[in-house]
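[1] Predicted structure and sequence below. I'll ask about it afterward.
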Amino acid sequence: MVKFGLRLDQNKASDYPPDAYVDYAKLKEIIHVLSKKKLAGADPTTREVSLTAPPPTNAAGRQLTSADSPITEEDFYNCIDSNLSKVEAFTLQRVTDLRADIAIVEKEVNALGGITEGKEGEVEAIRQKADDAAKSFLTLEKYVNINFMGFHKILKKHDKNLPLHACKQFYINRMHNQAWVRGDYSDVVVRLSAIYSALRNDHAAEENKDASQSFLRSTTKYWVRTEDVSKVKYAILKHLPVFLQKTSTGESDSQLTNSVYFDNDQLELYHGRLDKTPGAIAYRLRWYGAGDPKMVFCERKTHRDTWTGEASVKERFIVDESEVKSVLNDTYPIEEKRAEMQAKKGATEAEVDDWEILVREMLQVVQVKQLVPTMRTQYMRTAFQIPFDATVRISLDTNLCMISERGYDTEGGAKWFRDPEKQLADNEITRFPHAVLEVKLELGGANSEPPQWVTDLQNSGMLYEVHKFSKFIHGCAVLMPEYVRSVPYWVDDASIRDSVLRSGGGRILVPADSETGVGPGANELYNHLLPFGNIKENKLNNPGRTANTVSLIKSGKGDKANGLMTTGDKYYADADVTDEEQLFNASLQGCCEDTCAGWLFPFCSGMNEEVLAPTSVQKIEPKIFFANERTFLHWLHAGVTLYTIAAGILAFASDTHSIGAHWYAMALLPISLGFCLYALHIFLWRAEKIKTRIPGRWDDSRGPLILGSILAGVLFVNFMMKCREIQRYNEMMAHEL
């Protein structure tokens, strides 16, 4: 492992002064000197001092003087303080300069007047300046992160060598209250988004009200490391505008979102959603913005299996916060609201009927299933979308936490979420260590494939796909471990283990000394789906993977261990190669082609080796298992048929003593055997693909071609031999005549 001091020196930005970084070497030297002095800790019980008493002595009875060492513990504190002030001042100055640069770009964009046609050169120059500003921001974030890590490591080293003078927790809390750590610079993202949107000349699309059109809708969820959040935002806003949120301090790129999920004492809804039972629902009340809720969205999500031809749906209606109690107590004035919708909002009869059916069903399910507030999710959501264009919609949730809503009196529905002024116990809240990215695609017609930039983002190594991840399921499993009968597969992931333990959910985790590193059940077979691996085989430093990233392995780029750069290596890479060039270089992408051994013997190839954390998980439908069996039987049937024909030809050839027939039959026999072996081989290979859900193609496009060509060749030779025999027979008959 590379020591942090060396990594710090190697990854300093070339355009930043070297002394702008934390003086890690000096702080380390101070700790080294102090550790040799073996300082004694102060007596915490002493309440009085004397101005005339002699100073303390060492173990030899000798008074310590400045001649022993000019360095004291106070020097370490002063050095830490000065370094913190230096990093904070430099960060704030760079942010000020960055905002000034963006202001210049904004003036140039405004000068275009919204007209980009015929000004391609000017637009490209402005885009380059915007790219430079964005990359400067990413460089600054790298600077902040590497200094933040440096302070963490030096404070940890201090407390380890000088345990009687521990100070890490004090300085960590202090750093989190300083502007260079807690500062919100989302305005930079908002302004860059507006610049790119103007250069793209984005316009709101026409709202599509034709529900009869056929679209392929897909939703995929990913985990994103905190250190990669800004880079992911930048990669997206170059193609999609940020949906701006109004706040008390102006416009922001994110909005606080709260969702209270309801369930009963048996956690019926939790287990239904976890097991993906057809018709399983999730019931929640959601509101947006800080402070007390004013407008509340009553939402119901219903699961449907896609292989049945149905699609999962989300339905909701809006109520005022004062009406929530009547919704939960089944006293909501439906008839009065129905008349109001028709009179004031001009809703049609059909729209009102659909609304009434939804409201009655949602009010009824609360009473029938005895639903009560169970768990609340809270996060900051950043949304990216062109208005009324649902082709690509992306949301990024940061600062995600789940809060237990059990253990307080609901007062008959009057209280349906915890008092935010009361402090939460450790086992009442769990803070999720990653951001959650959700990509929604609606493809149809000419747009049957996702945009290339979406594919590039998925293959960038910054996204870790988590199949069917649910905040509701995760929160219930962690905060109510004594009530759940089963847990989601991702709880065994190495990266979230500490957060689960801090929240008191250790009983749902596998013991640290487990031989397999995963709990019983699905993860015993599918543990490769864990984004960061399990505790025995963790992949905490590996980038996310899709099918295309195998080409990265073959390209030889990255570290020496596995042929790929880790996320940390990419993050602290040399300034000569930017993160954008590393993560979005088209030359590093491409299709994954097997070698000769791969397509001749796919089951024995290296495609199943898990050297990376997977991001792309193939969708599995129940009928695919039977389809694999049917394909196996069809190939086997073809092989048996060829064998039967060959055996019959051999039997007749023995009676006629035809040498050509013998050779023809003997040629068909190994081909028939090849068909049978190939059928078994492909069946096992594809079954392994289905079991592990390895992304990529699951068909063999070359094997059937080779077998078919060989069979066609034998048939052609036999045809030519028969033609030759007919020719000889005709010549013989002509000679006799």
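    Perfect, I can see it now.
[2] Next one: Leu237 from Ser136, what distance?
    Look at Leu237 and Ser136: by Cβ to Cβ, to the nearest Å, they are 15 Å apart. Glycine gets a C-beta too; all of them are placed from N, C-alpha and C.
[3] Who has more neighbours out of these two?
    Neighbour count, other Cβ atoms under 10 Å: between Leu237 and Ser136, Leu237 has more, with 23 against 18.
[4] mind listing what Ile80 touches?
    The contact partners of Ile80, taken as Cβ atoms under 8 Å, 6 or more residues apart in numbering, are Leu27, Phe151, Ile154, Leu155, Tyr171.
[5] Could you do Glu449 as well?
    By Cβ under 8 Å, 6+ apart, the neighbours of Glu449 are Leu443.
[6] at 7 Å what do you get?
    Neighbouring residues of Glu449 by Cβ atoms under 7 Å, 6 or more residues apart in numbering: there are none.
[7] just the helices in the stretch 1-150 of the chain please.
    Using DSSP state H, counting those that start in this stretch, the helices found in the stretch 1-150 of the chain span residues 4-10, 24-37, 73-112, 120-161.
[8] Turn these into a markdown table, columns for mean pLDDT and distance to Asn538.
    Output for those, formatted as a markdown table (pLDDT from 0 to 100; distance: least, Cβ to Cβ, whole Å):
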| stretch | mean pLDDT | distance to Asn538 |
| --- | --- | --- |
| helix 4-10 | 86 | 20 |
| helix 24-37 | 88 | 27 |
| helix 73-112 | 92 | 31 |
| helix 120-161 | 91 | 19 |
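[9] From Gly412, how far off is the closest residue to Tyr408 other than its chain neighbours?
    Counting by Cβ to Cβ, 6 or more residues apart in numbering, Tyr408 lies nearest to Arg418, which is 6.5 Å off, once chain neighbours are set aside. With distances taken as Cβ to Cβ, Arg418 is found 17 Å from Gly412.
[10] And these two? Which one has more around it.
    Per other Cβ under 10 Å, whichever of Arg418 and Gly412 has more neighbours is Arg418, with 19 against 9.
[11] I'd assumed Asn258 was in a helix, is it?
    No. Asn258: not assigned to a helix; according to DSSP: H, G, I helix; E, B strand; the rest coil it is strand.
[12] isn't it right up against Tyr379?
    No. Contact between Asn258 and Tyr379 fails when scored by Cβ atoms under 7 Å: they sit 8.6 Å apart.
[13] Neighbour count for those two, which is higher?
    Legend: neighbour count by other Cβ under 10 Å for Asn258 and Tyr379, higher for Tyr379 (23 against 20).
[14] Identify the bridge partners of that one.
    Beta bridges link Tyr379 to Thr257 when assigned by DSSP bridges.
[15] Quick check: it touching Asn399?
    Yes. If you go by Cβ under 7 Å, Tyr379 and Asn399 touch, sitting 5.8 Å apart.
[16] From Ile649, how far off is Cys676?
    With distances taken as Cβ to Cβ, Cys676 is found 18 Å from Ile649.
[17] next one: Arg316
    Taking Cβ to Cβ, one finds Arg316 at 71 Å from Ile649.
[18] With Asn78 instead?
    For Asn78, the distance to Ile649 (Cβ to Cβ) stands at 97 Å.
[19] Between these two, tell me which one has more neighbours.
    Each of Asn78 and Ile649 has its neighbours counted (other Cβ under 10 Å); Ile649 has more, 19 against 12.
[20] nearest residue to that one other than its sequence neighbours?
    Excluding its sequence neighbours, the residue lying closest to Ile649 (Cβ to Cβ, 6+ apart) is Ala665, at 4.0 Å.
[21] quick one, what contacts that neighbour?
    Ala665 sits next to Ala646, Ile649, Leu650, Ala653 when contact means Cβ under 7 Å, 6+ apart.
[22] Ok, Tyr664 next?
    Ile649, Asn718.
[23] Show me what the host helix or strand of His271 is packed up against.
    Assigned by DSSP states H and E, His271 belongs to helix 268-275. Where contact means 3 or more Cβ pairs under 7 Å, 6 or more residues apart in numbering; DSSP states H and E, helix 268-275 is packed against strand 281-288, helix 471-479.
[24] any idea which of those is most buried?
    Highest mean neighbour count among these (mean count of other Cβ atoms under 10 Å): helix 471-479, with a mean of 25.
[25] now it and strand 281-288, what's the angle there?
    Following axes from the mean of the first three to the mean of the last three Cα atoms, to 10 degrees, one obtains 100 degrees for the angle between helix 471-479 and strand 281-288.
[26] I'd like to check the angle between helix 471-479 and helix 268-275, please.
    Orientation of helix 471-479 against helix 268-275 (the same axes, to 10 degrees) gives an angle of 110 degrees.
[27] Lowest mean pLDDT among the helices and strands of the chain, which one is it?
    Across the helices and strands of the chain, mean confidence by mean pLDDT, DSSP states H and E is lowest for helix 567-571: a mean of 35.
[28] Output the below-cut-off pLDDT ranges for the stretch 501-650 of the chain.
    Scanning the stretch 501-650 of the chain for pLDDT under 70 picks out the ranges 521-528, 545-621.
[29] mind redoing it with 80?
    Along the stretch 501-650 of the chain, segments meeting pLDDT under 80 span 515-529, 540-623.
[30] cool, the stretch 201-350 of the chain as well?
    Residues of the stretch 201-350 of the chain meeting the criterion pLDDT under 80: 201-218, 243-253, 306-311, 345.
[31] Can you show me the helices along it?
    Along the stretch 201-350 of the chain, counting by DSSP H, counting those that start in this stretch, helices occupy 229-237, 268-275, 324-328, 334-344, 349-368.
[32] Just say which of the ones you listed is most tucked in.
    helix 229-237 comes out most buried of these by mean count of other Cβ under 10 Å, with a mean of 23.
[33] my read: Ala166 touches Lys160, true?
    No. Counting by Cβ under 7 Å, Ala166 does not reach Lys160; the two are 9.2 Å apart.
[34] So which of the helices of the stretch 1-150 of the chain is nearest Leu274?
    Shortest separation from Leu274 across the helices of the stretch 1-150 of the chain is recorded for helix 120-161, at 35.5 Å, computed as Cβ to Cβ.
[35] Would you mark the buried spots in the helix or strand following the closest one?
    Using DSSP H and E, the helix or strand that directly follows helix 120-161 along the chain is helix 168-176. For helix 168-176, the buried set under the neighbour-count rule, 16 or more other Cβ atoms under 10 Å, comprises Lys168, Tyr171, Met175.
[36] Mind listing the residues bridging to the most centrally placed residue in the chain?
    Nearest to the mean C-alpha position of the chain, by Cα atoms, centre = their mean, lies Tyr222 at 2.0 Å. In this entry, Tyr222 is beta-bridged to Leu437, Glu465, by DSSP bridges.
[37] Report the rounded mean pLDDT for stretch 421-436.
    For stretch 421-436, mean pLDDT rounds to 91.
[38] And the contacts of that stretch?
    Identification of contacts with stretch 421-436 by Cβ under 7 Å, 6+ apart yields 221, 223-226, 229, 396-398, 400-404, 469, 475, 478-479, 495-496, 499-500, 502-504.
[39] List only buried entries from those.
    Among the contacts of stretch 421-436, the ones that count as buried by 16+ other Cβ under 10 Å are 221, 223-225, 229, 396-398, 400-404, 469, 475, 478-479, 495-496, 499-500, 503.
[40] Count the neighbours of Thr72 for me.
    The local packing of Thr72 (other Cβ under 10 Å) involves 16 other residues.
[41] and the closest residue to it other than its chain neighbours, what is it in contact with?
    Leaving aside its chain neighbours, Thr72 sits nearest to Leu34 (7.8 Å; criterion: Cβ to Cβ, 6+ apart). By Cβ under 7 Å, 6+ apart, the contact set of Leu34 is Ile71, Glu73, Phe76, Leu162.
[42] Please apply the same query to Pro450.
    Applying Cβ under 7 Å, 6+ apart to Pro450 gives the contacts Leu441, Leu443.
[43] what pLDDT does it get?
    Per-residue pLDDT puts Pro450 at 82.
[44] Quick check: it vs His467, distance?
    The gap separating Pro450 from His467 is 18 Å, by Cβ to Cβ.
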